[in-house]
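*Asks:* Structural data only, the sequence is not supplied:
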């Protein structure tokens, strides 16, 4: 019993300094604020970062409209922050999630008042062939999966899509910088 008590006292005595040192380190780190995770990719933002970027994108879209005297009388806005207006009404069926669609599109950056060719980054017209895909099957950016069910066959509309529903915080296609608001003129040719 004497040896057992003496052994336990020795362990307690050596553990106390280690426990105090650990407590000091944890307390020091906590007082420094949030410690950045060096392994966290900026391509996977936190919800707070997504919310802040969405607010900045919507503010940027509205500033773009104001600074470029864009008539927003017929502009509509979705809950996710996409702004759009119809350029040419359609006469066909409403597009639905799950439809196989063919569309022509022109993609541009939101940085010029005239929405001219100097800001274009992609176009099905330039390739001479429409783009075909299934709506809602994650084959295109999230913004497209959201806006196409707002359209009818034959309709052409212009959409201003916040970066979180486009390519997000990581550059894509070599030409699209991180957190870039994009604008698309989309014309629905068919939906089945």
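*Replies:* Structure received. Just so we're clear, the structure is a prediction, and the values are computed from it rather than from any experiment.

*Asks:* For residue 175, see how far away the residue nearest in space to the middle of the chain is.
*Replies:* The centre of the chain sits closest to residue 164, judged by CA atoms, centre = their mean, with a distance of 1.0 Å. Note on residue 164: its distance to residue 175, by CB to CB, to the nearest Å, is 19 Å. Yep, even glycine has a C-beta here, placed from its N, CA and C like the rest.

*Asks:* So the residue nearest to the centre of the chain, which state does it fall into?
*Replies:* What DSSP: H, G, I helix; E, B strand; the rest coil gives for residue 164 is helix.

*Asks:* residue contacts, it?
*Replies:* Applying CB atoms under 8 Å, 6 or more residues apart in numbering to residue 164 gives the contacts 50, 53-54, 57, 142.

*Asks:* before we move on, what about residue 175?
*Replies:* For residue 175, the contact set (CB under 8 Å, 6+ apart) comprises residue 121.

*Asks:* shift numbering so it begins at 15
*Replies:* New numbering, starting at 15: the last item is residue 189.

*Asks:* what's the pLDDT at it?
*Replies:* The model reports residue 189 with a pLDDT of 74.

*Asks:* measure it to residue 122 for me?
*Replies:* From residue 189 over to residue 122 (counting by CB to CB), the distance is 11 Å.

*Asks:* swap in residue 165?
*Replies:* Computed as CB to CB, the residue 165 to residue 122 distance reads 18 Å.

*Asks:* the more surrounded of these two?
*Replies:* A direct count of neighbours by other CB atoms under 10 Å for residue 165 and residue 122 places residue 165 higher, at 25 against 20.

*Asks:* OK, contacts around the more buried one?
*Replies:* Neighbour list for residue 165: 104, 108-109, 171, 200, 202 [criterion: CB under 8 Å, 6+ apart].

*Asks:* how does it look with 10 Å?
*Replies:* Residue 165 sits next to 98, 100, 103-104, 106, 108-109, 115, 117, 149, 171, 173, 200-202, 205 when contact means CB atoms under 10 Å, 6 or more residues apart in numbering.

*Asks:* Look up phi and psi at it.
*Replies:* Main-chain torsions, residue 165, degrees, to the nearest 10: phi -110, psi 160.

*Asks:* what's the spacing between it and residue 199?
*Replies:* When residue 165 is compared with residue 199 (using CB to CB), they lie 12 Å apart.

*Asks:* for residue 169, same thing?
*Replies:* Distance from residue 169 to residue 199, counting by CB to CB: 11 Å.

*Asks:* Pull up the overlap in contacts between these two.
*Replies:* 101-102.

*Asks:* so what sits against both of residue 189 and residue 122?
*Replies:* 134-136.

*Asks:* Quick one: buried ones out of these?
*Replies:* For these, a neighbour count by 16 or more other CB atoms under 10 Å gives the buried set as residue 136.
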